[in-house]
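Undergrad: Structure for the following, please:
(one chain, ligands or ions: 1)
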Amino acid sequence: MFNLILFGPPGSGKGTQSEKLIAKYGLKHLSTGDLLRSEISRQTPLGKEAKSIMDKGQLVPDEVVIGMISSALDANPDARGFLFDGFPRTAAQAEALDKLLELKEAPIAAMLALEVSEDELIKRLLKRGETSGRSDDTNEVVIRARITEYHNKTAVVADYYKKFDKVVMVKGEGTIDEIFSRLCTEIDKRA
Ligand code: B4P
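TA: Numbers count the residues shown, from 1 in each chain. The predicted model follows:
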């Protein structure tokens, strides 16, 4: 089993690159953002709780997202590997993921971390907000809150994987195809 984490601040292109990576490498895509938005659109109790948190630009509680990932792993026993997109986002989530993967004897091969300047992140997210219907993309105050959450709670996740020498920094600016090609070069070294 070959497992990868795609990491980076909000708007760094994780969702965009994930679509291309899963098609090329045959991995199962697990995006906690997509899983949460699916709960919101189905108006489940979890979705209702998540929406009010996401609309403020904050992170959903660890136990909620860890539970979703645990169920998704169990639901895909035959996957060749997983691409984790937007997860883990806190140190507690990273530790929980390691434990879940230990049970499957399938550790993380690498964390690919997209580097993008803050100005570019805000520009991309506001542009997506014009068409996506995502309420967390239309308001610059909320976008800045998401970036602050990233610096306060998520950036440390890279330090966690650095201890195991698994972090690969990748320049996340340029065309979508240029960035995809940089990611593939790094993955092919490890596959
Ligand atoms: P996510 O759904 O994970 O989304 P994201 O961080 O906003 O975006 P991503 O990096 O995937 O950007 P994308 O490729 O789409 O999170 C949303 C919210 O869910 C969080 O704020 C949080 O509340 C909650 N959540 C999710 N996971 C959680 C967890 N584990 N724990 C707790 N809470 C959690 O790209 C953005 C835009 O840029 C797109 O419009 C795209 O077209 C454009 N773009 C991409 N690449 C480009 C390029 N090279 N050049 C120009 N534009 C580009």
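Undergrad: contacts and neighbour counts: CA atoms only from here.
TA: Fine.
Undergrad: residue boundaries of the helices in the protein?
TA: 14-25, 32-41, 45-54, 62-74, 91-103, 118-132, 140-149, 155-162, 176-190 (DSSP state H).
Undergrad: what helices or strands is the fifth one leaning on?
TA: So the one you mean is helix 91-103. Helix 91-103 is packed against helix 62-74, helix 155-162, with contacts defined by 3 or more CA pairs under 8 Å, 6 or more residues apart in numbering; DSSP states H and E.
Undergrad: Those helices into a markdown table, with extra columns for distance to the ligand?
TA: Below are the helices and strands packed on helix 91-103 laid out as a markdown table (distance: least, CA to the nearest ligand atom, whole Å):
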| stretch | distance to the ligand |
| --- | --- |
| helix 62-74 | 6 |
| helix 155-162 | 11 |
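Undergrad: circling back to that earlier point, let me have the helices of the chain in TSV, extended by mean neighbour count and mean pLDDT.
TA: Listed next are the helices of the chain as TSV, based on neighbours: other CA atoms under 10 Å; pLDDT from 0 to 100:
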stretch	mean neighbour count	mean pLDDT
helix 14-25	16	97
helix 32-41	16	96
helix 45-54	16	96
helix 62-74	15	96
helix 91-103	16	95
helix 118-132	15	96
helix 140-149	18	96
helix 155-162	17	96
helix 176-190	14	97
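Undergrad: Would you pull up how far stretch 101-114 lies from the middle of the chain?
TA: The chain centre lies 13 Å from the centre of stretch 101-114; the measure is CA atoms, centre = their mean, to the nearest Å.
Undergrad: mind checking the end-to-end distance for that stretch?
TA: One end of stretch 101-114 to the other measures 23 Å (CA to CA, to the nearest Å).
Undergrad: Does that stretch reach the ligand?
TA: No: judged by CA under 6 Å from any ligand atom, stretch 101-114 makes no contact with the ligand; its nearest approach is 8.8 Å.
Undergrad: what residues does that stretch touch?
TA: Contacts with stretch 101-114, where a contact means CA atoms under 8 Å, 6 or more residues apart in numbering, come from 1-9, 12-14, 98, 158, 161, 166-172, 183, 190.
Undergrad: quick one: pLDDT of the residue nearest to residue 89 when sequence neighbours are not counted?
TA: Spatial nearest neighbour of residue 89, excluding adjacent residues (CA to CA, 6 or more residues apart in numbering): residue 154 at 4.8 Å. Residue 154 is assigned a pLDDT of 97 by the prediction.
Undergrad: Now do residue 154 against residue 57, distance only.
TA: In this view, residue 154 and residue 57 are 13 Å apart by CA to CA.
Undergrad: Need the helices of the chain in TSV (columns: distance to residue 110).
TA: Output for those, formatted as TSV (distance: least, CA to CA, whole Å):
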stretch	distance to residue 110
helix 14-25	14
helix 32-41	18
helix 45-54	28
helix 62-74	18
helix 91-103	13
helix 118-132	23
helix 140-149	23
helix 155-162	8
helix 176-190	8
